[in-house]
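Colleague: Fold the following.
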Amino acid sequence: MVSGHLQVKKGYYYVVLSYYDSQNKRHIKYIATGLAEKGNKRKAERELARIRSEFVPPKNLKNGELDPEMLFADYLIEWLKIVKSRVKIATYSSYESMVKKPIEPYFRARKIALKDLEARHIQAFYTEKLKEVKANTVIHYHAVIYQALKYAAKTDLIPQNVAMKVDRPKKNDFQPVFLDAKQLADVFKAIKDTKLELPVLTAAFYGLRRGEVVGLKWDAIDFEKNTLTIKRTVTSVIIDGKQVDLEQVSAKTKSSLRTLPLVGQFRDYFLDVQAAQEVNKRVCGNCYNYDYDGYIFVDELGDRIKPGYLTEEFPKCLEKHGLPRMRFHDLRHSCASLLLANGVPLKQIQEWLGHSDFSTTANIYAHLDYTSKLSSAQAMESGIILPTNDRFGSKWEDKNKDDVIAK
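Modeller: Next up, the predicted model:
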């Protein structure tokens, strides 16, 4: 039973409801009517009657208990707790950042219950967010909402996943930066004798991802067989509001675990770095940080280079030297474009870059593959008998002459 009365605060009527939960605990809830005290008593009384009749006391849910009547915003927070142990840490970090920043606050402000959530509510969220962020970001929001509602439907909290009815925005066309050999030489000149030098050279030559560069350890290099094995990544993620560097003794996919030739010049580069690290250990003594011992890219005190450092400092360095701004990841794209320019087939580039699917390589780089297009043109030229220039030209000349006479 919900009881209630009117109360005036700062010249306005408020409805004060009183009710008991399942544990026989009394609760008081204040609801603003927006009606000024002067001349609105009867309207306020009608509003009190309406609010009392429509008010449904919230269920006293235990911690972690899910219910169709709970707010969709509350459900998202509980779903995060459930999914945390079922997905990779990096995936959970992505889910958490999107739920807690744009998605949950939006739906909490609108107080929509899980059972009342409709496709139009989600569509309205996408429409509003497209004013602030790019379509690709909204597509990521959609993926999270879809997964959350998929679990709700699976556990019979809702009859269907309404996110399936929502139209996702069209994906943004993104064009990576592809540098040729001369442009890369300018980049190498700009980063010479800086902390960026060897990470940039390694990323550009081997087409490594940022996390693969930071994750390189000495056990990845076999100086006898002259091989470099990509088997570890270091990425920055936010977990429970704190940024941490996540080390994984595995690459992004099975195909990312790859062994590449250690060419002579890079062999010398890494041997010099290894020797310098031994000197730094002796000079620094107890001040040296052995927490990252074994990693290749550490500073003089043994602190491992941070993924964010490469992301932030690389474009700054280029800008400082008057070069066009580009991302660290564009070094990987430039590596692929140079391989294509030198006649390396897309299938071999897929293996070099560690793409799990050939379609990924083809979708990104096929438009650069001029060699294959030239081969196709030559094949068509051999397979089709085309009219000679004289025959084609004479027909055109005859037709042109007839047109002139007609005029």
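Colleague: Could you double-check that Leu260 sits in contact with Lys231?
Modeller: No. Judged on C-beta atoms under 8 Å, Leu260 makes no contact with Lys231 at a distance of 11.4 Å. Heads up, the C-betas are built off the backbone N, CA and C, glycines and all.
Colleague: Next, work out how far apart Ser94 and Arg332 are.
Modeller: Counting by C-beta to C-beta, to the nearest Å, the gap from Ser94 to Arg332 is 21 Å.
Colleague: Actually, Val234.
Modeller: Separation of Val234 from Arg332 (C-beta to C-beta) stands at 16 Å.
Colleague: same deal with Cys284?
Modeller: 33 Å.
Colleague: try Val213
Modeller: According to C-beta to C-beta, Val213 stands 10 Å off from Arg332.
Colleague: Compare these two and say which is more crowded by neighbours.
Modeller: Val213 (25 against 22; other C-beta atoms under 10 Å).
Colleague: and the longest strand along the chain, which strands flank it?
Modeller: For the chain, the longest strand by residue count, based on DSSP state E, is strand 26-36. Partners of strand 26-36 in the sheet, by DSSP bridges, are strand 12-20 (antiparallel).
Colleague: Quick one: distance of the strand it pairs with to the chain centre.
Modeller: 46 Å (C-alpha atoms, centre = their mean, to the nearest Å).
Colleague: So for stretch 189-207, first residue to last residue, what's the gap.
Modeller: Taking C-alpha to C-alpha, to the nearest Å as the measure, stretch 189-207 stretches 19 Å from start to finish.
Colleague: Okay, buried residues for it please.
Modeller: 190-191, 196, 198-207 (16 or more other C-beta atoms under 10 Å).
Colleague: Now tabulate these in JSON lines and tack on secondary structure.
Modeller: Output for the buried residues of stretch 189-207, formatted as JSON lines (DSSP: H, G, I helix; E, B strand; the rest coil):
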{"residue": "Ala190", "secondary structure": "helix"}
{"residue": "Ile191", "secondary structure": "coil"}
{"residue": "Leu196", "secondary structure": "coil"}
{"residue": "Leu198", "secondary structure": "helix"}
{"residue": "Pro199", "secondary structure": "helix"}
{"residue": "Val200", "secondary structure": "helix"}
{"residue": "Leu201", "secondary structure": "helix"}
{"residue": "Thr202", "secondary structure": "helix"}
{"residue": "Ala203", "secondary structure": "helix"}
{"residue": "Ala204", "secondary structure": "helix"}
{"residue": "Phe205", "secondary structure": "helix"}
{"residue": "Tyr206", "secondary structure": "helix"}
{"residue": "Gly207", "secondary structure": "coil"}
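Colleague: Reformat those as CSV; add distance to Leu35 and pLDDT.
Modeller: Below are the buried residues of stretch 189-207 laid out as CSV (distance: C-beta to C-beta, whole Å; pLDDT from 0 to 100):
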residue, distance to Leu35, pLDDT
Ala190, 67, 95
Ile191, 67, 95
Leu196, 65, 96
Leu198, 71, 95
Pro199, 65, 96
Val200, 66, 96
Leu201, 71, 96
Thr202, 69, 96
Ala203, 65, 95
Ala204, 69, 94
Phe205, 73, 94
Tyr206, 70, 94
Gly207, 67, 92
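Colleague: would CSV of those with distance to Gln277 be doable?
Modeller: As requested, the buried residues of stretch 189-207 are exported to CSV (distance: C-beta to C-beta, whole Å):
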residue, distance to Gln277
Ala190, 25
Ile191, 20
Leu196, 18
Leu198, 12
Pro199, 15
Val200, 19
Leu201, 18
Thr202, 16
Ala203, 20
Ala204, 23
Phe205, 21
Tyr206, 21
Gly207, 25
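Colleague: Next, give phi and psi for Leu71.
Modeller: Leu71 has phi and psi values of phi -60, psi 140 when expressed as degrees, to the nearest 10.
Colleague: My guess is it contacts Lys111. True?
Modeller: Yes. In this structure Leu71 lies within contact range of Lys111 using C-beta under 8 Å: 6.3 Å.
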